[in-house]
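> I would like the atomic coordinates for the input below:
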Amino acid sequence: MTKPNPFRYFKTSPEIIRLAVMMYVWLPLSIRNVEDLLHEQGLDICHETVRYWWHWFGPMFPAEIRKHRVEGTRSSH
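Residues are numbered from 1 along each chain as shown. Just a heads-up that it's a prediction; the model follows:
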């Protein structure tokens, strides 16, 4: 059975959502700083949208990264 797509209800592309959330999680930026950086790239996304995405996807992305790291170390041995 396949997992449902977590992005299915969002109009914005998964790449942009992932970029915004990862900028907020991994860099010492405020949500408004992330909004400003996205605006400089031509993306008109409100800081409240970034906050919502972080709340929705924040735990999922680092878990995926850890999972891939563990799989990578297992396959190299």
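> Ile17 - how many residues pack around it?
For Ile17, the count of nearby residues is 22 (other CB atoms under 10 Å). For the C-beta atoms, the positions are set from N, CA and C on the backbone; glycine is no exception.
> should've said Arg51
Other residues near Arg51 number 17, with proximity taken as other CB under 10 Å.
> what mean pLDDT does the helix or strand where it lies have?
Assignment of secondary structure by DSSP states H and E places Arg51 within helix 47-57. Computed over helix 47-57, the mean pLDDT rounds to 95.
> cool, and stretch 7-15?
For stretch 7-15, the per-residue pLDDT averages 92.
> how about the helices in this structure?
In order along the chain, the chain carries the following helices (DSSP state H): 14-26, 31-40, 47-57, 60-76.
> in the shortest one, which residues are buried?
Buried residues in helix 31-40, counting neighbours by 16 or more other CB atoms under 10 Å, are found at Ile31, Val34, Glu35, Leu37, Leu38.
> repeat that for the longest one.
For helix 60-76, the neighbour count (16+ other CB under 10 Å) marks Phe61 as buried.
> redo the buried residues of helix 31-40 as TSV? Include pLDDT and distance to Met60.
As requested, those are exported to TSV (pLDDT from 0 to 100; distance: CB to CB, whole Å):
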residue	pLDDT	distance to Met60
Ile31	96	18
Val34	97	17
Glu35	97	21
Leu37	97	21
Leu38	97	20
